[in-house]
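In: would you be able to build a 3D model of this:
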Amino acid sequence: MGVVKKTVSIPEEIYKEAQEISENFSQIVKEALKEYLKKKKKEKILSMAGTLKKWEVEDGLEYEENMRKEDIETQEEREKSWGT
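Out: A predicted model of the protein is given here:
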């Protein structure tokens, strides 16, 4: 897995509080982003609850492929916005 280095601006108080918990700030940010993305994915799935009936899903593989395709599209959109 590759590593991306980004500069972020956060309030000093939050940084200091994080440093009190762990000196590995990168690990804290990584864990926080994982949790954030997990939460957003759940929200997305819940918001689609009514639209799943529109799909003519024959089996779980087709559903999984559709979800992966959406994840890739979402990630591509996110990466485009990072460049700004």
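
In: just give the number of residues close to residue 60.
Out: 8 (other C-beta atoms under 10 Å). The way it works is simple: take the backbone N, C-alpha and C, and place the C-beta from them, glycine included.

In: which ones are touching it?
Out: Residues counted as contacts of residue 60 (C-beta atoms under 8 Å, 6 or more residues apart in numbering): none.

In: that one and residue 41: what is the separation?
Out: 17 Å (C-beta to C-beta, to the nearest Å).

In: avg pLDDT for stretch 49-64?
Out: What stretch 49-64 shows for mean pLDDT is 66.

In: now the end-to-end length of it.
Out: Terminal residues of stretch 49-64 lie 15 Å apart, using C-alpha to C-alpha, to the nearest Å.

In: where does residue 2 sit: helix, strand or coil?
Out: Under DSSP: H, G, I helix; E, B strand; the rest coil, the three-state class of residue 2 is coil.

In: swap in residue 6?
Out: coil.

In: tell me the pLDDT at it?
Out: So, for residue 6, pLDDT stands at 89.

In: so it versus residue 17, what's the distance?
Out: 21 Å.

In: the more surrounded of those two?
Out: Taking other C-beta under 10 Å, residue 6 and residue 17 do not tie; residue 17 has more neighbours (11 against 6).

In: and that one, how close does it get to residue 77?
Out: 31 Å.

In: show me which residues of stretch 75-84 are buried.
Out: The neighbour-count check on stretch 75-84 (16 or more other C-beta atoms under 10 Å) flags nothing as buried.
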